[in-house]
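Participant: Next come a sequence and a model predicted from it.
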Amino acid sequence: MIIEVEGVDDKAKAEKFIGKEVVWTAPGKDKNQIKGKISAVHGNKGTIRAIFERGLPGQSLGTEVKIA
């Protein structure tokens, strides 16, 4: 999954996030969480690549994640 972080607009700033944990929380009453890890920088414009423990559902596209 490719993640765009606010305020990060180049590769050098994005490299600081590598190795951090990412959590996506599902909408609904159960609030299931899918955890992942930031693995690499994607391109030169500051986007990052995250690998999640399970595949994310389609409803996750365009939503927010928490970076810990």
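Facilitator: Alright, I've got the coordinates.

Participant: Now do stretch 9-20: everything it contacts.
Facilitator: 5, 7-8, 37-41, 43-48, 67-68 (CB atoms under 8 Å, 6 or more residues apart in numbering). Yep, even glycine has a C-beta here, placed from its N, CA and C like the rest.

Participant: Can I get the buried ones among those residues as something I can paste into ChimeraX?
Facilitator: The ChimeraX selection below is limited to those of the contacts of stretch 9-20 classed as buried (16 or more other CB atoms under 10 Å):
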select :5,8,38,41,46,47,48
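
Participant: Would you check which pair of the contacts of stretch 9-20 lies furthest apart?
Facilitator: The largest separation in the contacts of stretch 9-20, counting by CB to CB, is between Asn44 and Ala68 at 25.4 Å.

Participant: Show me what the residue most central in space within the chain is bridged to.
Facilitator: Nearest to the geometric centre of the chain sits Ile3, at 4.5 Å (CA atoms, centre = their mean). Using DSSP bridges, the beta-bridge partners of Ile3 come out as Ile48.

Participant: show me what contacts it?
Facilitator: With the criterion set at CB under 8 Å, 6+ apart, Ile3 makes contact with Val22, Ile38, Thr47, Ile48, Arg49, Ala50, Val65.

Participant: so what strands line up beside the longest strand along the chain?
Facilitator: Secondary structure of the chain per DSSP state E: the longest strand is strand 33-42. Strands that pair with strand 33-42, judged by DSSP bridges, come out as strand 21-25 (antiparallel), strand 47-52 (antiparallel).

Participant: now these in TSV, with mean pLDDT and distance to Leu61?
Facilitator: What follows is those, written out as TSV (pLDDT from 0 to 100; distance: least, CB to CB, whole Å):
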stretch	mean pLDDT	distance to Leu61
strand 21-25	98	11
strand 47-52	97	13
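
Participant: want to throw those strands into TSV with distance to Gln33?
Facilitator: Below are the strands paired with strand 33-42 laid out as TSV (distance: least, CB to CB, whole Å):
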stretch	distance to Gln33
strand 21-25	5
strand 47-52	10
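
Participant: Figure out which of those strands is closest to Gly58.
Facilitator: strand 21-25 (12.4 Å).

Participant: What residues sit buried inside that closest one?
Facilitator: In strand 21-25, counting by 16+ other CB under 10 Å, buried: Val22, Trp24.
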